[in-house]
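Chemist: got a sequence here, can you build the structure:
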Amino acid sequence: MGGWAGRLRYTNIDSVTKAESINALRRNRFALDQSTFALYGSYQMRLNESWGVLGGARAEYTGMEVAQLTSALVSDNNYLNVIPSFFVTCKASDQTTVRLSYAHRIRRPGANDLNPFVVYRDEFNVFSGNPGRIGKTEKIGR
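Modeler: Predicted coordinates:
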């Protein structure tokens, strides 16, 4: 499996001999293999001398294989996003053009957000990722 792989080691230290040994119960071996494929199409049209519009759509397919190697958990997470975009331009004068746009953006989760291994930061703070998380779209208007 390619992609991102993270290793975090916890050791036990013998108080008498000061010898270190790996604590297998807190070992975090994680691998993420992610592929994204995209297709984009757009159409532009001039309405008259001053006005123009452009519309488009982007289709993105994301395939992920998440493997928590320590606990032998493997999860596939595949999803499709269709992201629209729309632009309007108005030529107010020879030196001034006004442009309005609307689009979406995808924010994909990071590797640590997907890793289901439980990390105890201290007695009050515990973190574990969710391998079922998908990318989140955000609206952008300008």
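Chemist: what's the following helix or strand after the host helix or strand of residue 58?
Modeler: Assigned by DSSP states H and E, residue 58 belongs to strand 51-68. Downstream of strand 51-68, the first helix or strand assigned by DSSP H and E is strand 73-91.
Chemist: so for that following strand, what gets flagged as buried?
Modeler: Buried residues in strand 73-91, counted by 16 or more other Cβ atoms under 10 Å: 77, 81, 83, 85, 87, 89. Glycine gets a C-beta too; all of them are placed from N, C-alpha and C.
Chemist: now the residues you listed in JSON lines, with distance to residue 42?
Modeler: Listed next are the buried residues of strand 73-91 as JSON lines, based on distance: Cβ to Cβ, whole Å:
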{"residue": "77", "distance to residue 42": "29"}
{"residue": "81", "distance to residue 42": "17"}
{"residue": "83", "distance to residue 42": "12"}
{"residue": "85", "distance to residue 42": "8"}
{"residue": "87", "distance to residue 42": "9"}
{"residue": "89", "distance to residue 42": "14"}
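Chemist: do you know how far the residue nearest the centre of the chain is from residue 91?
Modeler: By Cα atoms, centre = their mean, the chain has its centre lying nearest to residue 108, at 1.4 Å. Taking Cβ to Cβ, to the nearest Å as the measure, residue 108 falls 37 Å from residue 91.
Chemist: residue 113: helix or strand, and which one exactly?
Modeler: helix 111-114.
Chemist: which of the buried residues of strand 73-91 scores worst on pLDDT?
Modeler: Least confident by pLDDT among these: that is residue 77, with 84.
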